[in-house]
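A.B. asks: here's a sequence, model it:
(chains A and B)
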Amino acid sequence: MQRKSRGLRALEPLVWVGPAVVLIALVVIWPVVEMIRSSFLKISRFGVVQGSNGTANYEKLFAEPDFGSVMWRSLIWVVAVVGLTVLISLGLAQLFNQRFPGRKIARWALIAPWAASVLMTAIVFKWMLDPEVGMINMVLRDLGLIDALGGASADPLGDASTAMPWLIFVAVFVSVPFTTYALMAGLATIPGDVYEAARMDGAAKWRTYWSITLPLLRPALTVAALINIMNVFNSFPIIWAMTHGQPGYSTATSTIFMYILKNANIGESAAMSVVNFGMVIILTAIFLKVSRWKTEVA
Amino acid sequence: MRRPVADVVAVVTAFVTFFPIYWMVLSALKPAGEIQSLDARPWTLAPTFEHFQRVLTGENFSRYFLNSLFVALTVVVLSALVAFLAAVAVTRFTFRFRTTVLIMFLVAQMVPVEALTIPLFFLIRDLGTAVPGVGLNTLGALVLVHLAFSLPFAIWMMRGFVAAVPEALEEAAMIDGAGRATILWRVIFPLVAPGLVATSVFSFITAWNDFIFARTFIISAKDNQTLPAALLVFFKPDENDWGGIMAASTLMTIPVLIFFIAVQRRLIAGLGGAIKD
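C.D. replies: As a prediction, this is how the structure comes out:
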């Protein structure tokens, strides 16, 4: 009884972390391994494995005429959506952190797109953008803007040049609430006396924000941006529900392309998934490197 | 500090963010003829509950609702428990495969779910023959898969909270003769509770709003369908029943929205712990 352990440190940590590891290994990692494996297999349209295919799936994928533009679009999609989301959220977090009469209501309203299903939000937007009965299109027409956008019959989602901005808008729309809340949480951790000191020194508001708030907000910003990068790159329901990647492949990102390929060639689709997965890992690594590099500079 | 600009931006933001939900509820209340009208108006003079009635009496809606609730709540409880234990392990201990485990958690967060439906389908099918209750067409399968996919993020968030608990507190409890279980559940657990609230919100929302897993695993068992099934019946190849779709989505969204608003304050506190470092 007197055999004193060194408290929690002497416990068997593997038993505690075990359930999580087993669950993730079985349900997440194993399917990933299967996905990688099937990217090297020849699989019939009905899912029958017909033996090894070497790197043929990858060669076929890279030879797809649309592959280059799809990858390029995925990159633009991530940079645009995450960039805009972070910028807008920085502003909103700063604003909603102040006290003003409508703050409570504004914060409640901001939570709405987060609570709603992303798929349903996308469907509602698609419907509002309908060329005939869509409410957004009608307002644009009434404002006389529609002529500038291609005449009375303009279909915002049917034209590649307007579809992509709308898709980015919806993606930003559903990403802003979480990001703003994460940044508000970050702002809440900054002690008030730091600002007190800045005011004593006579620092201007903008200068205070740039050299005090932003650096102190960095951990929150890093986490929020990182989660957004992963989510947005893998985002599927918005584009699928609104355009299916059409017209042509002009709004297809790598996730959408992967899904389209699945109907024709499971092996090639798996190869696309692997490339997709690799891209997320590389983007995350680059991002982590860059954000750490900033610490050393600061 | 307050300027009229703040009020204006706040009002505009609130308007924009709330508008799709407003439009959804409005469309659910509009009479059938008005929904697809060429002259859509942002109000209705003849609100009707006919769409709600159709949803509630039609496709066994209450059953689907309860199934969704069961899956989401089970996932929340199990995820909080498993993530808490794992977070304590990776923050309070150094063990041999610690780095490997942490990298695995991070990588698991980056997996595109849509790419895994085929292997997951086979996994669940095979698992069902070995373990009853988690095979195809069971709610257990949904719980298992959502639980596993919710863990990486949950553990990541919980780490910050566990790290914030002073180790001196554990030592003090130990000197008082507290056992491991007591320290874990009576000392650490209450202190990380705010983090668990935020984590729970995340696991709840993904499980509740899920379409893809529900459609992958629940193929033929009518009684084990979740809410997406109740919604998808209104999507028809010839013409979608928008009134039904919007009424079903309203019934699906409003409870979550109320829950979110209720925990809004804790959410900020909860996220704060996760990003502290």
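A.B. asks: quick one: name whatever helix or strand follows the helix or strand where A:Val174 lies.
C.D. replies: Element membership of A:Val174, judged by DSSP states H and E, is helix A:160-188. Going down the chain from helix A:160-188, the next helix or strand is helix A:192-200, by DSSP H and E.
A.B. asks: list the buried residues for the host helix or strand of B:Val143?
C.D. replies: Following DSSP H and E, one finds B:Val143 within helix B:139-164. Buried residues in helix B:139-164, defined by neighbour count with 16 or more other C-beta atoms under 10 Å in any protein chain shown: B:139-163. Using the backbone N, CA and C atoms, a C-beta is placed for each residue, glycine as well.
A.B. asks: next: stretch B:30-46.
C.D. replies: Of the residues in stretch B:30-46, those buried (16+ other C-beta under 10 Å) are B:Lys30, B:Glu34, B:Ile35, B:Gln36, B:Ala40.
A.B. asks: same deal with stretch B:56-67?
C.D. replies: Neighbour-count burial for stretch B:56-67, counted by 16+ other C-beta under 10 Å, picks out B:Leu56, B:Glu59, B:Phe61, B:Arg63, B:Tyr64, B:Phe65, B:Asn67.
A.B. asks: check the offset of it from the chain's centre.
C.D. replies: Distance of stretch B:56-67 from the chain centroid (C-alpha atoms, centre = their mean, to the nearest Å) equals 19 Å.
A.B. asks: kindly report the same for stretch B:20-32.
C.D. replies: Computed by C-alpha atoms, centre = their mean, the chain-centroid distance of stretch B:20-32 equals 24 Å.
A.B. asks: can you check stretch B:93-110 too?
C.D. replies: Worked out by C-alpha atoms, centre = their mean, stretch B:93-110 lies 24 Å from the chain centre.
A.B. asks: helices along the chain, start to end?
C.D. replies: Just going to use chain A. A:13-24, A:30-38, A:56-63, A:67-96, A:103-115, A:118-128, A:135-142, A:160-188, A:192-200, A:205-208, A:214-233, A:237-242, A:254-264, A:266-297 (DSSP state H).
A.B. asks: my bad, the chain I had in mind was chain B
C.D. replies: Under DSSP H, chain B gives helices at B:4-29, B:32-35, B:50-57, B:61-92, B:98-109, B:117-130, B:139-164, B:167-175, B:180-182, B:189-208, B:212-217, B:227-232, B:242-262, B:264-275.
A.B. asks: tell me the buried residues in the fourth one?
C.D. replies: Within helix B:61-92, the residues that qualify as buried are B:61, B:63-65, B:67-69, B:71-76, B:78-80, B:82-92, counting by 16+ other C-beta under 10 Å.
A.B. asks: coming back round to it: dump the buried residues of stretch B:30-46 to JSON lines, plus pLDDT and distance to B:Ala229.
C.D. replies: Below are the buried residues of stretch B:30-46 laid out as JSON lines (pLDDT from 0 to 100; distance: C-beta to C-beta, whole Å):
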{"residue": "B:Lys30", "pLDDT": "83", "distance to B:Ala229": "24"}
{"residue": "B:Glu34", "pLDDT": "73", "distance to B:Ala229": "27"}
{"residue": "B:Ile35", "pLDDT": "72", "distance to B:Ala229": "22"}
{"residue": "B:Gln36", "pLDDT": "70", "distance to B:Ala229": "24"}
{"residue": "B:Ala40", "pLDDT": "68", "distance to B:Ala229": "29"}
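A.B. asks: make a markdown table out of those residues and add distance to chain A.
C.D. replies: Formatted as a markdown table, the buried residues of stretch B:30-46 follow (distance: C-beta to the nearest C-beta, whole Å):
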| residue | distance to chain A |
| --- | --- |
| B:Lys30 | 12 |
| B:Glu34 | 10 |
| B:Ile35 | 8 |
| B:Gln36 | 5 |
| B:Ala40 | 5 |
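A.B. asks: nearest to A:Met120 among those residues?
C.D. replies: Of all the buried residues of stretch B:30-46, A:Met120 sits closest to B:Ile35, with 15.9 Å by C-beta to C-beta.
A.B. asks: my guess is that closest one contacts B:Ala28, does it?
C.D. replies: No. At 9.1 Å, B:Ile35 does not count as touching B:Ala28 under the criterion of C-beta atoms under 8 Å.
A.B. asks: check the contact lists of those two and give me the overlap.
C.D. replies: B:Gly243, B:Met246 (C-beta atoms under 8 Å, 6 or more residues apart in numbering or on different chains).
A.B. asks: hmm, back to that, any idea which of the helices of chain A has the lowest pLDDT on average?
C.D. replies: When the helices of chain A are compared on mean pLDDT, helix A:135-142 scores lowest, with a mean of 74.
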